[in-house]
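**Student:** Could you work out the structure for the sequence below:
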Amino acid sequence: MTHIVFYEKPGCGGNARQKAWLEAAGHHLEVRSLLSWPWTADSLLAFLDPLPVADWFNRAAPRVKSGEVVPEALERNSALALLLAEPLLIRRPLMETASGRVVGFDPATVAAWLDSPALAGLDGKRTEGCAAMSGGCESF
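**Tutor:** Residues are numbered from 1 along each chain as shown. From the prediction side, this is the model:
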């Protein structure tokens, strides 16, 4: 059993499914709100830095979906400032264990990271995003 710190958007159906899959695979979750956590540039970059800037963003966030925020057009420092100011824009979940960190819920990546073959069976399922993509949990 792996202890995972799981940063979520409270009430998000997508995060609820992800937590259920992790718990069913035998992992223990310590759930924190991504929106109210006191992020600093360093603490957020500990998760995001290995990824291209465009991959830092939640594609289902209203400002991204509307085209108001274009992740591919942002440079690193501007993107980081925007995410710190508006945590709803951060791709989620953010997950952390004693051995490392992961952004998002790609089944193959998460299964390999946790050495959890049960999660590999999720490949091909929609594992990121809100259960109600028509606004649902993204709009509050």
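
**Student:** so what does the longest helix that the chain contains touch, helix or strand wise?
**Tutor:** Using DSSP state H to define each element, the chain has its longest helix at helix 13-24. Helices and strands touching helix 13-24, as assessed by 3 or more C-beta pairs under 8 Å, 6 or more residues apart in numbering; DSSP states H and E, comprise strand 3-8, strand 28-33, helix 117-120. The C-beta positions use only the backbone N, C-alpha and C, and glycine is treated the same way.

**Student:** Could you list every helix and strand in contact with the shortest one?
**Tutor:** Other elements packing on helix 117-120 under the criterion 3+ C-beta pairs under 8 Å, 6+ apart are helix 13-24, helix 107-114.

**Student:** and of these, who's closest to residue 47?
**Tutor:** Go through the helices and strands packed on helix 117-120 one by one with C-beta to C-beta and the one that ends up closest to residue 47 is helix 107-114, at 12.6 Å.

**Student:** packing partners for the closest one?
**Tutor:** Helix 107-114 is packed against strand 94-97, strand 100-103, helix 117-120, with contacts defined by 3+ C-beta pairs under 8 Å, 6+ apart.

**Student:** now with 10 Å?
**Tutor:** Packing partners of helix 107-114 (3 or more C-beta pairs under 10 Å, 6 or more residues apart in numbering; DSSP states H and E): strand 3-8, helix 13-24, strand 94-97, strand 100-103, helix 117-120.

**Student:** now what about it, what contacts it?
**Tutor:** Where contact means C-beta atoms under 10 Å, 6 or more residues apart in numbering, the residues beyond helix 107-114 that reach it are 2, 4, 18, 21-22, 25-27, 93, 95, 97, 99-104, 106, 116-125, 127-128.

**Student:** Using JSON lines, please lay out the helices and strands packed on helix 13-24 together with distance to residue 66.
**Tutor:** Formatted as JSON lines, the helices and strands packed on helix 13-24 follow (distance: least, C-beta to C-beta, whole Å):
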{"stretch": "strand 3-8", "distance to residue 66": "23"}
{"stretch": "strand 28-33", "distance to residue 66": "24"}
{"stretch": "helix 117-120", "distance to residue 66": "32"}
